[in-house]
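[1] Structure, please.
(2 chains)
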Amino acid sequence: MKLTLAGAPHLPPINTVSGVMKQVLYALIPAIAAHVWFFGLGILFQIALAVAFALALEAVMLKLRERPLEPFLSDYSAVVTAVLFALCMPPLAPWWIALTGMVFAIVVAKHFYGGLGHNLFNPAMVGFAVVIVAFPLDLSQWLAPRQLSPGLPGLWQTAQAIFTGSLPEALSWDTLSQATPLDALKTGVAENRLVTEIRDAPIFGDFGGLGWEWIANFYALGGLWLLYRRVISWHVPVALLATVVVVTVPMWLMGPDINPSPLQHVFSGALVMAAFFIATDPVSGCSTMRGRLVFGAGVAILTLAIRRFGGYPDGVAFAVLLMNMAVPLIDRLTRPRTYGH
Amino acid sequence: MHDLEVGEHLYRFPGGLKLRHHKQIACRDPLLRPEMPEALYLPLQQHQGPAGEMLVAPGDRVLKGQPLSRARNDREVPVHAPTSGTISAIKAWPVSWPPDSEAECLVLQPDGKDAWFETTALDDWRHADPADLIGHIRAAGLAGLGGAMFPTAAKLRGEWQQVHTLILNGSECEPYISCDEMLMRERPGAIIEGGLILARALGADEVIIAIEDQMGAVDESLSRALAEHDPDDFCRIVEVTTIYPEGGEKQLIQVLTGAEVPHDGLPQDLGLACLNVGTAAAARDAVIEGKPLIERIVTVSGPGIKHPRNVVALLGTPVSDLLAAAGGLDDDIERLVLGGPMSGLPLASDLIPVAKGSNCILVLRREDTRRVQPVMPCINCGECVRVCPASLLPQELYKYLKAEDYDETDSLHLFDCIECGCCAHVCPSHIPLVDWYRHGKGVLRERGIEDARAQKARQRFEAREKRIAEEKEQRRLRREQREQKLKAGGDAKSEVQAAIERSRSKSAGPDQDGDS
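    Below you'll find the predicted structure:
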């Protein structure tokens, strides 16, 4: 009889890192499917590209840092980063954007800081911030949703657009691309047009952007499942969404002509996705539960401020990165009261 | 009357885990007494605190219940002979704590007669002086049977305010362990009588028996016993929600009162005392029958044992005897645990003897145990924070322990960790968090000892410096006095001269008094 002497607890663990990451990926499936429905197959190419680059770069960095490949390549953390990044890309963005994004996400934001668990900043958002600053034009070319499109590009056309940058003759960027609803709002308000007037444009749907609002719903669906599975805690999504509503309701009531409605805010851009999938990134987020409330509220306020005052139509990525900087301070100030103290 | 209501409302403690119980597998069969072991191994220290004074030597014949050691104060706990026989040796033998270690044990060779030493019961305990009750309990060698083995006498009297409520802890919350459940089913009357005795010893006017809400049969048997043994309605049964670790003393008090034991205090500071139901039954046996603590119920369970069951084991029985009594082991045994799967101690050998706090022997196969490798980095998922019943930040503690920043772990209240194991159980990175906390506490304790030693050395040094300085000062003062006298030399000389002259004239004169 050979007895082992490891300390308690003795039961087998009930969770694994790869299990957590895989559940995040499963939760993204509804939103990805909706994305494909509204904007075509492009997103699948973006995901495939980003995942391939992410895993390749992860392997290279593990090798250079002399870390074991197997446990870290199979933990799915790089895959989650890649998929979240890809979901922020226009469907026909050229392939080298995914490469650039993944270099900054995986190499710089993750491995330069010590790899899994040690990154201060959300890797997917670092990658996104770099490419939106570096290639603003390529990232503004969004496809129109299915209802407004003369025909979404097919498989071959999508591949050609992504890998060669050329579109089939029948299609052109003018017909294909559209301002996103947030872009339209931003430029419209800047031109002193009324929000109600801007919202008459066909790209707007019932409460958000056409197509976008449904993708947001599916993100929320996946997010609720993650909450149910206890992969994420309620603190960040609730604080984030509640803050958006609390801040925008009075503004909207006071000036409905110049301020978009709370629903418009929630259901456009990456806000719902951020609430459930990005601001909930555990590694770069807060450790304490009260800190997570502060973190979510901070992301909401910064996003709204960037949307209103900043140079970018959506500010989720920058808001998350700015709040990442504040995490150590928030954690220190929100330590829970220990039993008996 | 006191302000603190106990058990009127149930409160929640933060965190905790719902675990699969696995208790019934060991409760299907009645209690079993294993055959008399070939030898019993009795360490003199089976409790928290210093060992008592040894009263026997190798070669001595002893009777059942005869004290083998003597307590000189409430922190010491005597050990008694569990059966009659001969003390054949005192030798180093494997013990459970620290893991993989040995301690000096008395080896008792049973003679098979099981002949009793004289027993001293206390007549009319209902009117006995509390000090007599506590004296009896101390002499009977009681230490907390729940596992912590705290000397019972030291819990019953001390420098604190009046204890108004005695909590009898029957909510054994760890999976597999069912010795208390078995005891509450089999000897409910003994628990109630013991509770009344302990309450009298404490001066408490209320006894709360806390059991888990999943213990149906227990509630029934205790209620019947209450009707019989508690005519004055001193005792009350309270069912608490089964959520690990609600049976921890601090958590149970929080559940029953909503109050928290101060981090630098004791339950007694709240007017409460919390004792295990097994301790209560042992107190009853000590006072009413005069029997010392020489045996206890032990659960032998787990997926790796053929016939899980509860046994009544003499203290000192090697674990191997208990395993045999429970049908023996399956193949592929990976771990023996003393206690439960969440916080129990791994045993290095099956020779280790049953002691006063041994509530359960858990047998785990390879697939039931935790893989040690690979440990992934912490991803700060916060599951540990959610389950921590002490509201600590386990992942932050780990971070600072890894960085050897022990001051920071102290300010994160590492010492308030109760080592329940919830955090490590849910950690997706499989970090052995409890091991890290034990290590950190060890380092801090050692540093505390070193600090104390350094402080003592500094005090000694300073005292010496001061003494030397004082001596110097005194010497200086004496010198100054002398010098002053010398300076005033003229006067002194004339004085001396005068004195001499005086004496001369006296000795010459006739009016001499006799003794100049």
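
[2] For the residue in the stretch 101-250 of chain B that chain A sits nearest to, list the residues it contacts.
    Using CB to the nearest CB, the closest approach of the stretch 101-250 of chain B to chain A is made by residue B:250 at 6.2 Å. (Each C-beta comes from the backbone N, C-alpha and C, glycine too.) Applying CB atoms under 8 Å, 6 or more residues apart in numbering or on different chains to residue B:250 gives the contacts A:339-340, B:260-261, B:389-390, B:418.

[3] Does residue A:159 touch residue A:42 like I think?
    No. Taking CB atoms under 8 Å as the definition, residue A:159 is not a contact partner of residue A:42, at 9.6 Å.

[4] out of the two, which sits in the busier spot?
    More crowded of residue A:159 and residue A:42, by other CB atoms under 10 Å in any protein chain shown: residue A:42, with 24 against 15.

[5] Where does pLDDT dip in the stretch 351-500 of chain B?
    B:371-373, B:489-496 (pLDDT under 70).

[6] where exactly do the helices run in it?
    Counting by DSSP state H, counting those that start in this stretch, the segments of the stretch 351-500 of chain B that form helices are B:383-387, B:394-402, B:406-411, B:422-426, B:433-487, B:489-508.

[7] okay if I get these as a markdown table plus mean neighbour count?
    What follows is those, written out as a markdown table (neighbours: other CB atoms under 10 Å in any protein chain shown):
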| stretch | mean neighbour count |
| --- | --- |
| helix B:383-387 | 23 |
| helix B:394-402 | 21 |
| helix B:406-411 | 16 |
| helix B:422-426 | 27 |
| helix B:433-487 | 12 |
| helix B:489-508 | 10 |
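
[8] Quick one: those as TSV, columns for distance to residue B:123 too.
    Below are those laid out as TSV (distance: least, CB to CB, whole Å):
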stretch	distance to residue B:123
helix B:383-387	50
helix B:394-402	53
helix B:406-411	52
helix B:422-426	48
helix B:433-487	46
helix B:489-508	85
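
[9] With respect to residue B:29, which of these lies nearest?
    helix B:422-426 (29.4 Å; CB to CB).

[10] quick one on the thing from earlier: would you tell me which of the helices of the stretch 351-500 of chain B gets closest to residue A:75?
    The nearest among the helices of the stretch 351-500 of chain B, by CB to CB, is helix B:383-387 at 16.1 Å.

[11] my read is residue B:232 is in a strand, agree?
    No. Counting by DSSP: H, G, I helix; E, B strand; the rest coil, residue B:232 is located in no strand; its state is coil.

[12] hang on, the earlier thing: just curious, which of the contacts of residue B:250 is nearest to residue B:362?
    Once CB to CB is applied, the member of the contacts of residue B:250 that ends up nearest residue B:362 is residue B:418, at 19.5 Å.

[13] Leaving out the residues flanking it, which one is nearest to the residue in the stretch 101-250 of chain A positioned nearest to chain B?
    The stretch 101-250 of chain A approaches chain B most closely through residue A:117 (3.3 Å), counting by CB to the nearest CB. Distances taken as CB to CB, 6 or more residues apart in numbering or on different chains put residue B:377 closest to residue A:117, at 3.3 Å, once the chain neighbours are dropped.

[14] I appreciate the help and will end here.
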